[in-house]
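[1] Fold the following.
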Amino acid sequence: MTAAENVCYTLINVPMDSEPPSEISLKNDLEKGDVKSKTEALKKVIIMILNGEKLPGLLMTIIRFVLPLQDHTIKKLLLVFWEIVPKTTPDGKLLQEMILVCDAYRKDLQHPNEFIRGSTLRFLCKLKEAELLEPLMPAIRACLEHRHSYVRRNAVLAIYTIYRNFEHLIPDAPELIHDFLVNEKDASCKRNAFMMLIHADQDRALDYLSTCIDQVQTFGDILQLVIVELIYKVCHANPSERARFIRCIYNLLQSSSPAVKYEAAGTLVTLSSAPTAIKAAAQCYIDLIIKESDNNVKLIVLDRLIELKEHPAHERVLQDLVMDILRVLSTPDLEVRKKTLQLALDLVSSRNVEELVIVLKKEVIKTNNVTEHEDTDKYRQLLVRTLHSCSVRFPDMAANVIPVLMEFLSDNNEAAAADVLEFVREAIQRFDNLRLLIVEKMLEVFHAIKTVKIYRGALWILGEYCSTKEDIQSVMTEVRRSLGEIPIVESEIKKEAGDLKPEEEVTVGPTQKLVTEMGTYATQSALSSSRPAKKEEDRPPLRGFLLDGDFFVAASLATTLTKIALRYVALVQEKKKQNSFIAEAMLLMATILHVGKSSLPKKPITDDDVDRISLCLKVLSECSPLMNDIFNKECRQSLSHMLSAKLEEEKLSQKKESEKRNVTVQPDDPISFMQLTAKNEMNSKEDQFQLSLLAAMGTTQRKEAADPLASKLNKVTQLTGFSDPVYAEAYVHVNQYDIVLDVLVVNQTSDTLQNCTLELATLGDLKLVEKPSPLTLAPHDFANIKANVKVASTENGIIFGNIVYDVSGAASDRNCVVLSDIHIDIMDYIQPASCTDAEFRQMWAEFEWENKVTVNTNIIDLNEYLQHILKSTNMKCLTPEKALSGYCGFMAANLYARSIFGEDALANVSIEKPIHLGPDASVTGHIRIRAKSQGMALSLGDKINLSQKKTSL
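    Numbering: from 1, shown residues only. Sure thing, here's the model as predicted:
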């Protein structure tokens, strides 16, 4: 084990700005100072030793003048001092002075104060010298019978570590601790004793557990957790024991401690795949989510439920618990609600869809009454989307859902209303039997719609799907009601300056005498009218949109009027009625054109909208069959094509998902019988405790890719040259929030290198956690040094530094080898993600940092270039495959990714193939990147610039 990997027990934070004191002044303070100055001096000594200073002259001074003191602070500091001070001579023999220290600690182990006894026992856990521990063994044993639990529990720990490191000093430890455990009453002492038996003598631990298995529920939570761990290990090592202990795990699911319930549920799932066990564990997880107040805990436990669902055999069990899972929606946190709704949607089946829809409808209605919470609107959107998905998968539900959701078309929140509109549009196209209901409901809420975007969509739906004479007339009535008095220009001018209404008051201002140009007097009086301030809200909605200058809705209205007029002509045979309806539609369009050209609106009408309305007027005046077909058939076919393409895409993604989850078994696969497998072959379940320990240590085992380039060798960076006196190379291991640099240092000289130190510094949002310890390298020897670097955000980081060393016997200054820089790749933190078009547009508008990258590549195919960019940036293409297929010389696509720190990254690729330069011309264009932080935008831009060109293999 190298010096860099030695276990560190004590961490001390030291301000480095002070000047280190001299050895003489420290000696003086330790000999002659009072308790306070001795304490300060001892602290300085500890810090100096930690920084690599050798202070052998002070050892005897501390033994003579500080060790006999009874002050608790000094005793605590001495424990740290004896832990870090070198206790052996250079040839490995124990220092003579340590015998005096050993005697002092024997006295401390018999001290009347329980704090001193307990802390001394804790210190003994850290000692690695058997000669020091041997004389203390009788005193340590005696501490097991002390009256205070603090002393007893530390005595158990001391015995455990001594037994583990030097078994010969206390060979009967398991038996001693077993007897202690049987008679012990304190929970923490029992927990420590039981944990020792698990690791030292598992059979004794099982014997003890067998005697008290019925009382497990009455134990403290710390002991229950250790019992769960033991049962887990025993049952995996020896499956025949499962029946004996699984009942105990079931009982622990009812524990009062959330931690015990969580571990017991996780263990139960790995021990048994019986439906009753899965149901009990899932129920336990759901209770935990509902009862725990911490959102992080809720999310972690939800993830466990989602993992359970991934197993095909467990999915059916969870389907019965959908209604219980929906209880989690009572949590106000949006992220928890989002995951819960997704899980419920994945588990919904024809058996429980009705109940699910009832609950979601209630939740939607609840959100209507609550306005104070900022996430209410987003939650309503989530509910609408979930109901939408349910109705598409189970068409029978649509009739129940639509009337409730259509109330929200008049909602102030445009995003939720847009989702409802999208759902209604899909439902009215897919389900013929619901068309009358939807049209009727739409006509009811039409006048209450407040936002122009929703108004346009509603107009389109009404124009497209009103098929009866009555409905068409109702649409016309609603449009007239929404436009108000026509012609609009005349009525608005009258309102502004014309006929004064009776409620208006007329006031005559004071008379004023003025002198004219000709020198004569003229009298002027001011006549002003003041109306009771009529607010703009009094305007009908459509009139308001037009006067605000939004004429896109007018173009949409013209199309709708044309459609219903053409349909009315087909339905009604009377020429007079036909002509009057068409004339009314044409009058409305003409009055809108008139408004657009006048000075009344805030913004004048655009040429595009004028063209559109004029075209509609021409169509109505001619009524040709071709135009009739285009307006009344082609539009609906376009929608039908779009919806079917969308459905196809969803089915494809669902199929991929189910293929991932389906366990395929080949005809010639061997069948594994659990009873016949050897003990060492019990690898069907992963060791949860081992996995969680590895995750905590940051060494999660990932399956290495079969591709040799993706193996560890690909991440080795050479830091120095082969001809340098010290050769160094680093393996960069990226965990989620930190980077471990495993640096191999090779002494290529024939000299011994002393105090060989790796000095590192960072640039960017990286922070070095600790300074690596100095090493001594023998001639042609090598060693590994580990350095931890914390990462705070997605930004390109650089680690640079040098190796400094002294040559043994040389009088020269310290030697230095400069290391080449290590660039930390941003791609380790970016993962592909998906979002809706609306969310993408919203983020695009909000994000303030943009980086425009010019395409500079040798790739000649547009699609190939896009795939190359996706591969090199870890981003996901949001533009559907259908939109990218075919070849037309240019391409535009939206890309999206999210970092593990929750930062979003957006990109828009606009590329073309310059045909005039010939078939071998490279792709040209731009990539625009947008992100919330500058670092993310710049780092992604750099990555694209570096990897644009395709390397020839």
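[2] how close does Met442 get to Thr468?
    In this structure, Met442 and Thr468 are 14 Å apart, going by C-beta to C-beta, to the nearest Å. For the C-beta atoms, the positions are set from N, CA and C on the backbone; glycine is no exception.
[3] same question but for Ile927, I mixed them up
    Distance of Ile927 to Thr468, computed by C-beta to C-beta: 52 Å.
[4] More neighbours: which of these two?
    When Ile927 and Thr468 are compared on other C-beta atoms under 10 Å, the one with more neighbours turns out to be Ile927, at 23 against 12.
[5] Specify the local secondary structure of the residue nearest to the more buried one when sequence neighbours are not counted.
    With C-beta to C-beta, 6 or more residues apart in numbering as the criterion, Ile927 has its nearest non-adjacent residue at 4.5 Å, and that residue is Val853. Three-state call for Val853 (DSSP: H, G, I helix; E, B strand; the rest coil): strand.
[6] same thing with Leu67?
    When the structure is reduced to helix, strand and coil (three-state DSSP), Leu67 reads as coil.
[7] Equivalent analysis for Thr386, please.
    helix.
[8] is it true that it touches Lys338?
    No. Contact criterion C-beta atoms under 8 Å: Thr386 and Lys338 do not qualify, at 9.8 Å.
[9] Would you mind telling me which of the two has more residues around it?
    For Thr386 and Lys338, the more surrounded residue by other C-beta under 10 Å is Thr386, and the numbers stand at 22 against 15.
[10] ok, now which ones touch that one?
    Taking C-beta atoms under 8 Å, 6 or more residues apart in numbering as the contact definition, Thr386 lies against 341, 344-345, 360.
[11] Next step: those restricted to helices.
    When these are checked against helices using DSSP state H, the ones located there are 341, 344-345, 360.
[12] Show me the two of those that sit farthest apart.
    Longest distance between any two of these is 9.9 Å, between Leu345 and Leu360; criterion C-beta to C-beta.
[13] Could you export the ones in helices among the contacts of Thr386 as CSV, including pLDDT and neighbour count?
    Written out in CSV, the entries for the ones in helices among the contacts of Thr386 read as follows (pLDDT from 0 to 100; neighbours: other C-beta atoms under 10 Å):
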residue, pLDDT, neighbour count
Leu341, 86, 24
Ala344, 85, 23
Leu345, 84, 17
Leu360, 82, 24
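[14] Tell me the buried residues in the helix or strand where Asn28 lies?
    Assignment of secondary structure by DSSP states H and E places Asn28 within helix 23-32. Neighbour counts over helix 23-32 (16 or more other C-beta atoms under 10 Å) mark 23, 26-27, 29-30 as buried.
[15] Using CSV, write out the CA atom coordinates for it.
    Taking only C-alpha atoms (Å, rounded to 0.1, in the frame of the first residue of the first chain), the coordinates of helix 23-32 have been written out as CSV:
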residue,chain,number,x,y,z
GLU,A,23,11.0,24.2,17.6
ILE,A,24,12.7,26.0,20.5
SER,A,25,9.6,28.3,21.2
LEU,A,26,7.3,25.3,21.1
LYS,A,27,9.5,23.4,23.5
ASN,A,28,9.5,26.4,25.9
ASP,A,29,5.7,26.7,25.8
LEU,A,30,5.2,22.9,26.3
GLU,A,31,7.6,22.9,29.3
LYS,A,32,6.9,26.2,31.1
